[in-house]
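S.K.: After the sequence you'll find the predicted model.
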Amino acid sequence: MSSSVIYSADLTAGSLKLRESRIIAGLLLVGADEKTFREAVVTANVLQTRTPATAVRLARLIRGRLSGMDAVLWRMVSEGDKTLATQALLAATLKHSRLLRDFMDLGLRDEYRLLHTELEMALWTRFLIGCESRDPSVARWSDSTRRRLRSTVFQILAQAEILADTASRKLKKFMVLPELRDYLAARGDLTVLNCLQMP
């Protein structure tokens, strides 16, 4: 892969997946080895998917996101209330996805600054045009990939209660919970924290 490639379209694999992420975070917290992980995901079907292949893909996605953090965040996801767990998952997903980080930092932030009340669909198109200037490989993404990415990103924003819902796309006031804010600051994850702090 070229070193100029900075964006991945892997967000299409799924939104925040709170229920499933709580389960994977629990496995990480007990230090499950590869054999135990596979038995839980494939044999016991703890994620309740229709096929083993889907279970493996979903577990890989969630584990990949959570692996960028540590046991403190895993515990927020596994044991926290819905708001804390969801915000912690959003932070982990931001850490994992440059595309989502840049959209929130370069696109969504301006919507708040300009006091817009809803997220325009056209913002995503303009954002991807900007991405192409930073990463020429984005120009090769198909229309269907672009639509799926937009759908997933908007779902993530709605699940995190930044958007009221994906239909109206109304912007809500969003505040990072102190527990998560302090955690990110202590770890030095200031890029992620900055993306979460809307004007």
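M.R.: That came in fine, so what should we check first? Residues are numbered from 1 along each chain as shown.

S.K.: In this protein, which helix is the longest?
M.R.: In the chain, ranked by residue count with DSSP state H as the criterion, the top helix is helix 143-159.

S.K.: Poorly predicted segments of the protein, please.
M.R.: Scanning the chain with the threshold set as pLDDT under 70 gives 1-4.

S.K.: Now do the same contact list for the spatially most central residue of it.
M.R.: Against the mean C-alpha coordinate of the chain, by Cα atoms, centre = their mean, the closest residue is residue 93 at 3.1 Å. Applying Cβ atoms under 8 Å, 6 or more residues apart in numbering to residue 93 gives the contacts 11, 16, 65, 100, 156. C-betas here are computed from N, CA, C, even on glycine.

S.K.: roughly how far out does the helix or strand where the third one lies sit from the chain middle?
M.R.: Spelled out, that is residue 65. For residue 65, the host element (DSSP states H and E) is helix 52-66. Mean-position distance between helix 52-66 and its chain equals 14 Å (Cα atoms, centre = their mean, to the nearest Å).

S.K.: after it, next one along is what?
M.R.: Next helix or strand after helix 52-66 toward the C-terminus (DSSP H and E): helix 71-79.

S.K.: Now do that next one and helix 52-66, the angle between them.
M.R.: Helix 71-79 and helix 52-66 are oriented at 130 degrees to each other (axes from the mean of the first three to the mean of the last three Cα atoms, to 10 degrees).

S.K.: list the buried ones in helix 71-79?
M.R.: Residues of helix 71-79 classed as buried under the neighbour-count rule (16 or more other Cβ atoms under 10 Å) are 73, 74, 75, 76, 77, 78.

S.K.: Roughly how far does the third one sit from residue 88?
M.R.: For residue 75, the distance to residue 88 under the criterion Cβ to Cβ, to the nearest Å works out to 9 Å.

S.K.: Cool, thanks, signing off.
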